[in-house]
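Engineer: based on what follows, work out the 3D shape:
(chains A and B)
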Amino acid sequence: MQTIQSKEEIQEENLRRYKALSDAIAEAFTEEAEEEPR
Amino acid sequence: MNYQEFKQYVLDNIRNYLPAELQECEVAVVPYNTPKMQKDALVVKRPGQAETYSYLRDYYKEYQGGRLEGSIVAEIGQLQGQGKPVVMGQLPLYDLVTDWQQIQPAIVGTVVSARRNAELLEQVPHKLEGDMAIVYRIDYELISPIPGISLIDRSLFSTWGISQEKLHDVAIQNTQKVWPAKFEYLNEAIMQLANEVHPAASPDEYIEKMKSKGIFPIFLLSNQDKVYGATALFYPGIKEEIAKRLQGDYYILPGSVHEVIIVPQDFVKEAEGMRRIINRINRSMLDPKDCLTDRMYIYDQEMQRVLEFYTPEEKIACREEKVSEILRPEDLEPEL
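Structural biologist: As a prediction, the model looks like this:
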(Lines give C-alpha, C1' and ligand atoms only; values in the text may rest on other atoms or scores of the structure.)
Protein backbone atom coordinates (compact mmCIF):
# COMPACT_ATOMS: atom_id res chain seq x y z
CA MET A 1 0.00 0.00 0.00
CA GLN A 2 1.31 3.44 -0.87
CA THR A 3 1.97 6.15 1.68
CA ILE A 4 -0.63 8.89 1.71
CA GLN A 5 0.62 12.43 2.06
CA SER A 6 -1.30 15.52 3.03
CA LYS A 7 -0.61 18.90 1.44
CA GLU A 8 1.11 19.99 4.65
CA GLU A 9 3.40 16.96 4.59
CA ILE A 10 4.33 17.62 0.98
CA GLN A 11 5.05 21.27 1.80
CA GLU A 12 7.20 20.28 4.77
CA GLU A 13 9.21 17.89 2.60
CA ASN A 14 9.51 20.49 -0.14
CA LEU A 15 10.78 23.01 2.40
CA ARG A 16 13.51 20.59 3.51
CA ARG A 17 14.42 19.87 -0.09
CA TYR A 18 14.53 23.54 -1.07
CA LYS A 19 16.85 24.24 1.85
CA ALA A 20 19.14 21.43 0.70
CA LEU A 21 19.04 22.74 -2.85
CA SER A 22 19.76 26.27 -1.72
CA ASP A 23 22.73 25.11 0.37
CA ALA A 24 24.21 22.96 -2.37
CA ILE A 25 23.81 25.64 -5.00
CA ALA A 26 25.24 28.34 -2.72
CA GLU A 27 28.24 26.11 -2.07
CA ALA A 28 28.78 25.50 -5.78
CA PHE A 29 28.51 29.21 -6.57
CA THR A 30 30.94 30.09 -3.82
CA GLU A 31 33.47 27.53 -5.05
CA GLU A 32 33.05 28.80 -8.59
CA ALA A 33 33.63 32.39 -7.48
CA GLU A 34 36.75 31.39 -5.53
CA GLU A 35 38.17 29.65 -8.58
CA GLU A 36 37.84 32.82 -10.67
CA PRO A 37 41.29 34.28 -11.58
CA ARG A 38 41.90 37.60 -9.90
CA MET B 1 -10.88 1.38 14.66
CA ASN B 2 -8.42 4.07 13.80
CA TYR B 3 -8.18 5.21 10.19
CA GLN B 4 -5.43 2.75 9.24
CA GLU B 5 -7.41 -0.16 10.67
CA PHE B 6 -10.54 1.06 8.92
CA LYS B 7 -8.69 1.20 5.59
CA GLN B 8 -7.37 -2.33 6.07
CA TYR B 9 -10.84 -3.56 7.00
CA VAL B 10 -12.25 -2.18 3.75
CA LEU B 11 -9.44 -3.75 1.72
CA ASP B 12 -9.88 -7.11 3.45
CA ASN B 13 -13.63 -7.23 2.89
CA ILE B 14 -14.37 -5.38 -0.33
CA ARG B 15 -14.25 -8.48 -2.53
CA ASN B 16 -17.21 -9.91 -0.65
CA TYR B 17 -19.31 -7.15 -2.17
CA LEU B 18 -17.88 -6.90 -5.67
CA PRO B 19 -19.74 -8.46 -8.60
CA ALA B 20 -18.31 -11.62 -10.16
CA GLU B 21 -16.78 -9.80 -13.16
CA LEU B 22 -14.60 -7.70 -10.83
CA GLN B 23 -13.37 -10.51 -8.59
CA GLU B 24 -10.09 -10.91 -10.48
CA CYS B 25 -9.35 -7.18 -10.65
CA GLU B 26 -6.65 -5.63 -8.48
CA VAL B 27 -7.96 -3.58 -5.58
CA ALA B 28 -5.71 -0.84 -4.22
CA VAL B 29 -5.70 2.27 -2.10
CA VAL B 30 -3.88 5.00 -3.99
CA PRO B 31 -2.97 8.56 -3.03
CA TYR B 32 -4.81 11.17 -4.99
CA ASN B 33 -3.01 14.47 -4.68
CA THR B 34 -3.59 17.73 -6.44
CA PRO B 35 -2.90 21.28 -5.24
CA LYS B 36 -6.46 21.39 -3.97
CA MET B 37 -6.97 17.98 -2.55
CA GLN B 38 -4.96 15.26 -0.88
CA LYS B 39 -6.90 12.07 -0.36
CA ASP B 40 -6.51 8.37 -0.61
CA ALA B 41 -8.90 6.51 -2.79
CA LEU B 42 -9.88 2.89 -3.11
CA VAL B 43 -9.89 1.78 -6.72
CA VAL B 44 -10.78 -1.43 -8.46
CA LYS B 45 -8.51 -1.55 -11.46
CA ARG B 46 -10.37 -2.63 -14.58
CA PRO B 47 -8.17 -3.01 -17.63
CA GLY B 48 -8.94 -0.38 -20.24
CA GLN B 49 -11.61 1.35 -18.20
CA ALA B 50 -11.74 4.53 -16.13
CA GLU B 51 -11.18 3.93 -12.45
CA THR B 52 -13.81 4.79 -9.90
CA TYR B 53 -12.53 6.47 -6.77
CA SER B 54 -14.01 5.83 -3.35
CA TYR B 55 -12.56 8.32 -0.91
CA LEU B 56 -11.93 6.43 2.31
CA ARG B 57 -11.46 9.40 4.61
CA ASP B 58 -14.98 10.57 3.77
CA TYR B 59 -16.29 7.12 4.61
CA TYR B 60 -14.20 7.06 7.77
CA LYS B 61 -15.94 10.24 8.93
CA GLU B 62 -19.26 8.45 8.48
CA TYR B 63 -17.88 5.52 10.48
CA GLN B 64 -16.84 7.90 13.26
CA GLY B 65 -20.35 9.32 13.14
CA GLY B 66 -21.76 5.90 13.99
CA ARG B 67 -22.28 4.18 10.63
CA LEU B 68 -21.47 0.47 10.67
CA GLU B 69 -18.31 -0.55 8.83
CA GLY B 70 -20.13 -3.43 7.12
CA SER B 71 -22.67 -1.06 5.59
CA ILE B 72 -19.84 1.16 4.32
CA VAL B 73 -17.90 -1.61 2.66
CA ALA B 74 -21.12 -2.93 1.10
CA GLU B 75 -21.87 0.48 -0.37
CA ILE B 76 -18.35 0.87 -1.74
CA GLY B 77 -18.56 -2.57 -3.33
CA GLN B 78 -21.91 -1.80 -4.89
CA LEU B 79 -20.79 1.58 -6.28
CA GLN B 80 -17.54 0.17 -7.59
CA GLY B 81 -19.57 -2.54 -9.30
CA GLN B 82 -21.74 0.06 -11.00
CA GLY B 83 -18.66 2.05 -11.96
CA LYS B 84 -20.39 5.38 -11.44
CA PRO B 85 -20.55 6.24 -7.75
CA VAL B 86 -21.08 9.99 -7.84
CA VAL B 87 -24.45 11.56 -8.42
CA MET B 88 -24.73 15.33 -8.72
CA GLY B 89 -28.27 16.48 -8.09
CA GLN B 90 -30.42 14.33 -10.31
CA LEU B 91 -27.77 13.97 -12.99
CA PRO B 92 -25.81 10.71 -12.91
CA LEU B 93 -22.06 11.16 -13.23
CA TYR B 94 -21.85 9.38 -16.58
CA ASP B 95 -24.34 11.78 -18.17
CA LEU B 96 -22.51 14.76 -16.74
CA VAL B 97 -18.99 13.78 -17.76
CA THR B 98 -20.00 12.92 -21.31
CA ASP B 99 -21.57 16.35 -21.82
CA TRP B 100 -18.66 18.46 -23.07
CA GLN B 101 -20.37 21.81 -22.47
CA GLN B 102 -21.08 21.00 -18.85
CA ILE B 103 -17.84 19.31 -18.00
CA GLN B 104 -15.27 21.50 -19.73
CA PRO B 105 -14.92 24.10 -16.92
CA ALA B 106 -13.82 21.23 -14.64
CA ILE B 107 -11.00 19.95 -16.82
CA VAL B 108 -7.44 20.57 -15.61
CA GLY B 109 -3.99 19.40 -16.67
CA THR B 110 -1.16 17.97 -14.59
CA VAL B 111 2.34 16.97 -15.61
CA VAL B 112 3.77 13.49 -15.02
CA SER B 113 6.94 11.65 -15.96
CA ALA B 114 6.40 10.04 -19.37
CA ARG B 115 9.00 7.37 -18.65
CA ARG B 116 7.44 6.24 -15.39
CA ASN B 117 3.90 6.32 -16.75
CA ALA B 118 4.34 4.67 -20.14
CA GLU B 119 1.58 2.15 -19.47
CA LEU B 120 -0.85 4.79 -18.26
CA LEU B 121 -0.15 7.01 -21.26
CA GLU B 122 -1.34 4.27 -23.60
CA GLN B 123 -4.79 4.63 -22.07
CA VAL B 124 -5.19 8.38 -21.69
CA PRO B 125 -5.03 11.40 -24.01
CA HIS B 126 -1.86 13.35 -23.27
CA LYS B 127 0.66 15.73 -24.70
CA LEU B 128 4.33 14.84 -24.61
CA GLU B 129 6.81 17.58 -23.71
CA GLY B 130 10.26 16.02 -23.85
CA ASP B 131 10.16 13.16 -21.36
CA MET B 132 7.23 14.72 -19.53
CA ALA B 133 3.56 14.33 -20.35
CA ILE B 134 0.56 16.49 -19.58
CA VAL B 135 -2.47 14.40 -18.67
CA TYR B 136 -5.97 15.66 -18.07
CA ARG B 137 -8.30 15.29 -15.13
CA ILE B 138 -11.81 16.30 -14.13
CA ASP B 139 -11.94 18.23 -10.87
CA TYR B 140 -15.61 17.93 -9.94
CA GLU B 141 -15.34 20.52 -7.21
CA LEU B 142 -14.87 23.21 -9.85
CA ILE B 143 -18.46 22.76 -11.03
CA SER B 144 -20.19 21.25 -8.01
CA PRO B 145 -19.98 21.01 -4.22
CA ILE B 146 -18.82 17.41 -4.54
CA PRO B 147 -15.09 16.83 -4.15
CA GLY B 148 -13.53 14.33 -6.51
CA ILE B 149 -11.01 14.11 -9.29
CA SER B 150 -10.75 11.55 -12.05
CA LEU B 151 -8.31 10.97 -14.86
CA ILE B 152 -9.66 11.37 -18.38
CA ASP B 153 -9.15 8.19 -20.36
CA ARG B 154 -9.50 7.57 -24.07
CA SER B 155 -13.00 6.13 -23.87
CA LEU B 156 -14.37 9.22 -22.11
CA PHE B 157 -12.41 11.54 -24.39
CA SER B 158 -13.93 9.87 -27.45
CA THR B 159 -17.47 10.72 -26.27
CA TRP B 160 -16.77 14.47 -26.54
CA GLY B 161 -15.97 14.55 -30.26
CA ILE B 162 -13.26 17.16 -29.83
CA SER B 163 -9.63 17.22 -30.87
CA GLN B 164 -6.82 16.53 -28.45
CA GLU B 165 -5.52 20.08 -29.07
CA LYS B 166 -8.86 21.48 -27.92
CA LEU B 167 -8.77 19.34 -24.78
CA HIS B 168 -5.24 20.51 -24.03
CA ASP B 169 -6.08 24.20 -24.55
CA VAL B 170 -9.15 24.04 -22.31
CA ALA B 171 -7.28 22.12 -19.60
CA ILE B 172 -4.32 24.49 -19.50
CA GLN B 173 -6.54 27.61 -19.51
CA ASN B 174 -8.54 26.22 -16.59
CA THR B 175 -5.45 25.11 -14.69
CA GLN B 176 -3.86 28.53 -15.05
CA LYS B 177 -6.99 30.12 -13.64
CA VAL B 178 -7.39 27.70 -10.72
CA TRP B 179 -3.70 27.36 -9.77
CA PRO B 180 -1.98 30.55 -10.99
CA ALA B 181 1.76 30.41 -11.54
CA LYS B 182 4.20 31.84 -9.03
CA PHE B 183 7.73 32.70 -10.13
CA GLU B 184 10.12 33.73 -7.38
CA TYR B 185 13.61 33.36 -5.98
CA LEU B 186 14.25 30.00 -4.37
CA ASN B 187 15.05 31.88 -1.15
CA GLU B 188 11.69 33.65 -1.24
CA ALA B 189 9.97 30.32 -1.71
CA ILE B 190 11.78 28.92 1.32
CA MET B 191 10.69 31.87 3.46
CA GLN B 192 7.07 31.60 2.32
CA LEU B 193 6.94 27.86 2.92
CA ALA B 194 8.60 28.18 6.33
CA ASN B 195 5.86 30.66 7.34
CA GLU B 196 3.15 28.35 6.10
CA VAL B 197 4.53 25.14 7.55
CA HIS B 198 5.55 26.58 10.93
CA PRO B 199 3.54 29.82 11.30
CA ALA B 200 3.97 30.16 15.06
CA ALA B 201 7.58 29.08 15.27
CA SER B 202 10.36 31.36 16.46
CA PRO B 203 12.59 32.79 13.72
CA ASP B 204 13.99 29.96 11.65
CA GLU B 205 17.77 29.78 12.14
CA TYR B 206 18.24 28.52 8.64
CA ILE B 207 16.47 31.53 7.17
CA GLU B 208 18.50 33.97 9.26
CA LYS B 209 21.67 32.31 7.98
CA MET B 210 20.36 32.24 4.43
CA LYS B 211 19.63 35.98 4.51
CA SER B 212 23.17 36.71 5.58
CA LYS B 213 24.58 34.74 2.62
CA GLY B 214 22.81 36.90 0.05
CA ILE B 215 20.50 35.83 -2.70
CA PHE B 216 21.63 33.52 -5.48
CA PRO B 217 19.88 33.82 -8.82
CA ILE B 218 18.03 30.54 -8.58
CA PHE B 219 14.32 30.73 -9.24
CA LEU B 220 11.38 28.51 -8.63
CA LEU B 221 8.30 28.23 -10.84
CA SER B 222 5.28 26.61 -9.24
CA ASN B 223 1.89 27.61 -7.86
CA GLN B 224 1.09 29.38 -4.60
CA ASP B 225 1.18 26.19 -2.50
CA LYS B 226 4.21 24.68 -4.25
CA VAL B 227 2.34 21.43 -4.51
CA TYR B 228 2.01 19.84 -7.98
CA GLY B 229 3.07 23.14 -9.53
CA ALA B 230 5.37 21.99 -12.35
CA THR B 231 2.42 22.27 -14.76
CA ALA B 232 2.96 26.04 -14.63
CA LEU B 233 5.82 25.55 -17.09
CA PHE B 234 3.21 24.84 -19.75
CA TYR B 235 1.00 27.87 -19.17
CA PRO B 236 0.77 30.02 -22.30
CA GLY B 237 3.32 32.83 -22.37
CA ILE B 238 5.02 31.89 -19.11
CA LYS B 239 8.40 31.03 -20.64
CA GLU B 240 8.43 34.30 -22.56
CA GLU B 241 7.53 36.26 -19.41
CA ILE B 242 10.36 34.63 -17.49
CA ALA B 243 12.83 35.43 -20.28
CA LYS B 244 11.76 39.08 -20.12
CA ARG B 245 12.15 39.18 -16.37
CA LEU B 246 15.56 37.48 -16.48
CA GLN B 247 16.54 39.41 -19.60
CA GLY B 248 17.95 36.45 -21.45
CA ASP B 249 18.18 32.71 -21.89
CA TYR B 250 17.76 30.39 -18.95
CA TYR B 251 18.06 26.78 -17.89
CA ILE B 252 14.93 24.83 -16.96
CA LEU B 253 15.20 21.92 -14.50
CA PRO B 254 11.83 20.17 -14.11
CA GLY B 255 13.07 17.65 -11.54
CA SER B 256 9.89 17.42 -9.50
CA VAL B 257 6.15 17.44 -10.11
CA HIS B 258 5.95 20.17 -7.48
CA GLU B 259 8.09 22.85 -9.10
CA VAL B 260 10.54 23.73 -11.82
CA ILE B 261 13.94 25.26 -11.05
CA ILE B 262 14.97 28.12 -13.32
CA VAL B 263 18.52 29.47 -13.56
CA PRO B 264 19.64 32.34 -15.82
CA GLN B 265 22.19 31.01 -18.29
CA ASP B 266 24.58 33.92 -17.65
CA PHE B 267 25.03 32.89 -14.02
CA VAL B 268 26.16 29.36 -14.67
CA LYS B 269 29.55 28.49 -16.08
CA GLU B 270 29.27 24.76 -15.59
CA ALA B 271 25.68 23.80 -16.38
CA GLU B 272 26.23 20.04 -16.16
CA GLY B 273 27.58 20.45 -12.62
CA MET B 274 24.50 22.35 -11.56
CA ARG B 275 22.22 19.72 -13.08
CA ARG B 276 24.10 17.01 -11.17
CA ILE B 277 23.68 18.87 -7.87
CA ILE B 278 19.96 19.43 -8.35
CA ASN B 279 19.29 15.88 -9.56
CA ARG B 280 21.25 14.39 -6.68
CA ILE B 281 19.16 16.25 -4.12
CA ASN B 282 15.87 15.56 -5.87
CA ARG B 283 16.65 11.87 -6.19
CA SER B 284 17.66 11.55 -2.55
CA MET B 285 14.85 13.63 -1.06
CA LEU B 286 11.87 13.19 -3.36
CA ASP B 287 9.42 10.33 -3.37
CA PRO B 288 10.14 8.54 -6.69
CA LYS B 289 6.56 9.05 -7.81
CA ASP B 290 7.10 12.81 -7.57
CA CYS B 291 10.28 12.80 -9.71
CA LEU B 292 9.67 14.31 -13.11
CA THR B 293 12.85 14.23 -15.17
CA ASP B 294 16.63 14.41 -14.79
CA ARG B 295 16.89 16.29 -18.04
CA MET B 296 17.69 19.97 -18.32
CA TYR B 297 16.34 22.33 -20.93
CA ILE B 298 17.33 25.77 -22.17
CA TYR B 299 14.93 28.52 -23.15
CA ASP B 300 16.34 30.47 -26.06
CA GLN B 301 14.81 33.94 -25.94
CA GLU B 302 15.71 34.88 -29.50
CA MET B 303 14.28 31.71 -31.00
CA GLN B 304 11.49 31.59 -28.39
CA ARG B 305 12.04 27.87 -28.12
CA VAL B 306 12.85 25.29 -25.50
CA LEU B 307 15.91 23.25 -26.35
CA GLU B 308 17.23 20.26 -24.52
CA PHE B 309 20.63 20.51 -22.89
CA TYR B 310 22.98 17.71 -23.81
CA THR B 311 26.42 16.85 -22.54
CA PRO B 312 28.72 15.80 -25.41
CA GLU B 313 28.24 12.14 -24.40
CA GLU B 314 24.47 12.50 -24.38
CA LYS B 315 24.58 14.18 -27.76
CA ILE B 316 26.32 11.17 -29.26
CA ALA B 317 23.92 8.73 -27.58
CA CYS B 318 20.97 10.76 -28.74
CA ARG B 319 22.15 10.82 -32.34
CA GLU B 320 22.55 7.08 -32.24
CA GLU B 321 19.13 6.47 -30.78
CA LYS B 322 17.37 9.26 -32.68
CA VAL B 323 15.04 9.83 -29.78
CA SER B 324 14.98 13.58 -29.23
CA GLU B 325 11.40 14.76 -28.69
CA ILE B 326 11.78 18.49 -28.29
CA LEU B 327 14.68 19.30 -30.56
CA ARG B 328 17.44 17.82 -32.55
CA PRO B 329 20.91 17.96 -30.95
CA GLU B 330 22.22 19.77 -34.03
CA ASP B 331 19.93 22.68 -33.13
CA LEU B 332 22.08 23.37 -30.11
CA GLU B 333 24.85 25.85 -29.96
CA PRO B 334 28.03 23.79 -29.64
CA GLU B 335 29.30 25.24 -26.36
CA LEU B 336 27.29 26.17 -23.28
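Engineer: how does chain B divide into domains?
Structural biologist: The domain map for chain B lists B:1-85, B:86-178, B:181-331, with the assignment taken from automatic domain parsing.
Engineer: turn the ones you listed into JSON lines, including mean pLDDT, distance to chain A and mean neighbour count.
Structural biologist: For every residue, glycine as well, the C-beta is placed using N, CA and C. Below are the domains of chain B laid out as JSON lines (pLDDT from 0 to 100; distance: least, Cβ to the nearest Cβ, whole Å; neighbours: other Cβ atoms under 10 Å in any protein chain shown):
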{"stretch": "domain B:1-85", "mean pLDDT": "81", "distance to chain A": "4", "mean neighbour count": "16"}
{"stretch": "domain B:86-178", "mean pLDDT": "84", "distance to chain A": "14", "mean neighbour count": "17"}
{"stretch": "domain B:181-331", "mean pLDDT": "84", "distance to chain A": "4", "mean neighbour count": "17"}
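Engineer: mind checking which of the ones you listed is nearest A:Leu21?
Structural biologist: Between A:Leu21 and these, the shortest separation by Cβ to Cβ is 5.3 Å, and it involves domain B:181-331.
Engineer: the domains of chain B: which one's closest to A:Lys19?
Structural biologist: A:Lys19 sits nearest to domain B:181-331 of all those, at 5.8 Å, using Cβ to Cβ.
Engineer: ok now that closest one, how far from the chain's centre?
Structural biologist: 16 Å (Cα atoms, centre = their mean, to the nearest Å).
Engineer: so where's chain A uncertain?
Structural biologist: Filtered on pLDDT under 70, chain A yields the residue ranges A:1-5, A:32-38.
Engineer: quick one: the helices in it?
Structural biologist: Along chain A, the segments classed as helices by DSSP state H run A:7-35.
Engineer: ok, the stretch 1-150 of chain B next?
Structural biologist: Taking DSSP state H, counting those that start in this stretch as the criterion, the stretch 1-150 of chain B carries its helices at B:3-13, B:56-64, B:69-82, B:93-97, B:100-103, B:118-121.
Engineer: and the last one, what other elements does it pack with?
Structural biologist: Translated: helix B:118-121. The helices and strands touching helix B:118-121, judged by 3 or more Cβ pairs under 8 Å, 6 or more residues apart in numbering or on different chains; DSSP states H and E, are strand B:132-139.
Engineer: for the strand it packs on, packing partners?
Structural biologist: Helices and strands touching strand B:132-139, by 3+ Cβ pairs under 8 Å, 6+ apart, are strand B:107-113, helix B:118-121, strand B:126-129, strand B:149-151, helix B:164-178.
Engineer: again, only using 6 Å
Structural biologist: Helices and strands touching strand B:132-139, as assessed by 3 or more Cβ pairs under 6 Å, 6 or more residues apart in numbering or on different chains; DSSP states H and E, comprise strand B:107-113, strand B:126-129, strand B:149-151.
Engineer: export those strands as CSV, with columns for distance to A:Lys19.
Structural biologist: Converted to CSV, the helices and strands packed on strand B:132-139 look like this (distance: least, Cβ to Cβ, whole Å):
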stretch, distance to A:Lys19
strand B:107-113, 24
strand B:126-129, 29
strand B:149-151, 30
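Engineer: closest to A:Glu12 out of those strands?
Structural biologist: Closest among the helices and strands packed on strand B:132-139, once you apply Cβ to Cβ, is strand B:107-113, at 21.2 Å.
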